[in-house]
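Participant: sequence isn't available, so here's the structure alone:
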């Protein structure tokens, strides 16, 4: 499972980056400057007058080596660790686990002109790390620079939205104009890293520029580089007064998760990102006072049906399978109790932390499913299926042939467990199946091409979205079917209508109603079955530092240290002052 965390999470981050900010955090977005649970500035963790400043935070990741490349405009993972957390910043950070917004270089936004215009106010009195002033002109330059260089449009700013122009309409104001309403696009814009015009305007090929003398607005500057360790020192002119608390960050690359985990246990480092196998027994007992992990839910693992072929084109069959699966047992076997099953309103596909803000659970209660083989058999019988000698036959009298459950690999032990248990449990309703573990290239190719019966996968393109909109858009929109992210190949008039309503509105009431309609459709028609939660894997040692995010203080979503969410950790943690 540790291997799974490394392979799947890393590959997903790389895949998502291209669709990702399309994917990314969307939806909160939609609230035209209304109160979403904003966090002013980056003061996500309350400051105490007794905070001890200074110290070196040591971070370690299984990257092997890091390139001498600090270009924030290329796909995540192509640059040195820390580029996107220590050096460069975005307009906003949307927390996918809580639907909360943190203002970064942007201080407010407002949709106007019937949602054809988005006005973003930028932070005054910010300096680039070379001492030059930051302004809205840098923001407008960055967006137009991406337009002029499509190879760096990794977030789909221009290719994936209806944006027509970006202009600095004041020293601290940027105006985005659209050809038609597209309010979810705000999240894509929010996640674009901003670069200084006075430096990048002379770079003619930003896709290959390595930017070895980086100049950003972030909380740290690059002090020294080696392929295995980068030293980032506190930016004395950082715009957030008093932050970061620590003096420097050591960002180190090692060859494996095992090495990073061992260093964490021995307090040689304080922060890593690792899907630890059975952490409650293999990790925490080795230092229960200090060894901590926080794995917030940011996605789900689904059993996806190919709804274009029988018997998966029959909603009665799909719902019967839902009743036949003991998802709590599957989650416990796959993740040793560290990651929960998807039950209750999570069966809508929504992230649990977003459900209270976006979905009214009560009207959906009657549509929920829980493990009940008897009910599964009854549903099949009512739809004309019959069990003959322990084998299921379809209403036309033909036997249901042996099915396959596609998973990726190699080494995805959690998915192996999930798929094997699904295969075993389907026998109770007369379905014979086998697990097909395919190489990544085959897995990632066959899913969008519809070359499978059933598959275990995640909500592609939706990770990071602060509302269920992106899950439904990327996984059930008609436009996402052919070769894209709608793996089940399911859509409906109700979902298409709700997606359009949501995207055209900046009224939170209208958007919530649209999300509710999509949630109802998913639970009614069961194109996928959420099996377990899917989390980030935030692991830390609290012996010498405090101020870490947690379930009680979820100021980020447990992201890796080379991400914008990781940046929030780096500016909030502080030394305990122990000798």
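Facilitator: Noted; the coordinates are in hand. Because the structure is a prediction, the values reported are computed rather than measured.

Participant: what residue ranges in the protein are flagged as low confidence?
Facilitator: Residues of the chain that meet the criterion pLDDT under 70 lie in 1-49, 462-464, 578-579.

Participant: and it, what are its domains?
Facilitator: According to automatic domain parsing, the chain comprises the domains 31-294+537-579, 297-535.

Participant: for the ones you listed, give me a markdown table that also has mean neighbour count.
Facilitator: Where you see a C-beta, it was placed from the backbone N, CA and C, and this is true even at glycine. Listed next are the domains of the chain as a markdown table, based on neighbours: other C-beta atoms under 10 Å:
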| stretch | mean neighbour count |
| --- | --- |
| domain 31-294+537-579 | 19 |
| domain 297-535 | 20 |
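
Participant: next one: the residue of the chain positioned farthest from its centre from residue 485, what distance?
Facilitator: For the chain, the largest distance from the centre (C-alpha atoms, centre = their mean) belongs to residue 389, which lies 45.0 Å off. According to C-beta to C-beta, to the nearest Å, residue 389 and residue 485 sit 40 Å apart.

Participant: next one: residue 167
Facilitator: Residue 167 is 32 Å from residue 485, by C-beta to C-beta.

Participant: how far is the helix or strand encompassing residue 321 from where the chain is centred?
Facilitator: Taking DSSP states H and E as the criterion, residue 321 maps to helix 315-324. Per C-alpha atoms, centre = their mean, to the nearest Å, the displacement of helix 315-324 from the mean C-alpha position of its chain is 28 Å.

Participant: can you pull out the helices in the stretch 251-400 of the chain?
Facilitator: Taking DSSP state H, counting those that start in this stretch as the test, the helices found in the stretch 251-400 of the chain are 257-265, 279-282, 315-324, 327-335, 355-358, 373-382.

Participant: again with the stretch 101-250 of the chain
Facilitator: Using DSSP H, counting those that start in this stretch, helices in the stretch 101-250 of the chain cover 136-148, 185-190, 197-200.

Participant: nearest to residue 99, out of the ones you listed?
Facilitator: Nearest to residue 99, of all these, is helix 185-190, at 11.4 Å by C-beta to C-beta.

Participant: how about the nearest residue to residue 71 once chain neighbours are set aside, what does it touch?
Facilitator: Spatially, and ignoring its direct neighbours in sequence, residue 71 is nearest to residue 211 (4.5 Å; C-beta to C-beta, 6 or more residues apart in numbering). Shown in contact with residue 211 (C-beta atoms under 8 Å, 6 or more residues apart in numbering): 69-72.

Participant: turn those into a markdown table, including secondary structure and distance to residue 419.
Facilitator: Below are the contacts of residue 211 laid out as a markdown table (DSSP: H, G, I helix; E, B strand; the rest coil; distance: C-beta to C-beta, whole Å):
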| residue | secondary structure | distance to residue 419 |
| --- | --- | --- |
| 69 | coil | 38 |
| 70 | coil | 40 |
| 71 | coil | 39 |
| 72 | coil | 38 |
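
Participant: got these as CSV, with distance to residue 448 columns?
Facilitator: Listed next are the contacts of residue 211 as CSV, based on distance: C-beta to C-beta, whole Å:
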residue, distance to residue 448
69, 30
70, 33
71, 29
72, 29
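
Participant: which of those sits closest to residue 205?
Facilitator: Distances from residue 205 to these, taken by C-beta to C-beta, are shortest for residue 71, at 10.6 Å.

Participant: output the helices of the stretch 101-250 of the chain as a markdown table; include the columns distance to residue 575.
Facilitator: Shown next, in a markdown table, are these (distance: least, C-beta to C-beta, whole Å):
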| stretch | distance to residue 575 |
| --- | --- |
| helix 136-148 | 33 |
| helix 185-190 | 31 |
| helix 197-200 | 34 |
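
Participant: tell me which of these lies nearest to residue 554.
Facilitator: helix 185-190 (18.5 Å).

Participant: which other helices and strands contact the closest one?
Facilitator: Under the contact criterion of 3 or more C-beta pairs under 8 Å, 6 or more residues apart in numbering; DSSP states H and E, helix 185-190 touches helix 2-23, strand 92-95, strand 117-122.

Participant: report all helices and strands that the helix or strand harbouring residue 512 contacts.
Facilitator: Residue 512 is part of helix 508-525 when elements are defined by DSSP H and E. Judged by 3+ C-beta pairs under 8 Å, 6+ apart, helix 508-525 is in contact with helix 315-324, helix 355-358, helix 469-476, helix 493-504.

Participant: which stretch among those comes nearest residue 120?
Facilitator: Closest to residue 120 of these is helix 493-504 (C-beta to C-beta; 18.5 Å).

Participant: contacts for the closest one next, please.
Facilitator: With C-beta under 8 Å, 6+ apart as the criterion, helix 493-504 contacts 27, 30, 115, 180-184, 469, 472-473, 476-478, 510-511, 513-515, 517-518, 520-521.

Participant: which residue ranges of the stretch 401-550 of the chain form strands?
Facilitator: 403-407, 433-437, 454-458, 528-535, 538-541, 545-546 (DSSP state E, counting those that start in this stretch).

Participant: quick one, which of those is nearest to residue 61?
Facilitator: strand 538-541 (11.0 Å).

Participant: residue 302: which of the helices of the stretch 101-250 of the chain is closest?
Facilitator: Per C-beta to C-beta, nearest to residue 302 of the helices of the stretch 101-250 of the chain: helix 185-190, 22.2 Å.

Participant: pull the distance from the closest one to the chain's centre.
Facilitator: Once both centres are worked out by C-alpha atoms, centre = their mean, helix 185-190 turns out to sit 14 Å from its chain's centre.

Participant: likewise stretch 526-534?
Facilitator: The answer for stretch 526-534 is 16 Å, by C-alpha atoms, centre = their mean.

Participant: then stretch 110-122?
Facilitator: With C-alpha atoms, centre = their mean, you get 26 Å for stretch 110-122.

Participant: would you mind measuring the gap between the ends of it?
Facilitator: Terminal residues of stretch 110-122 are spaced 12 Å apart (C-alpha to C-alpha, to the nearest Å).
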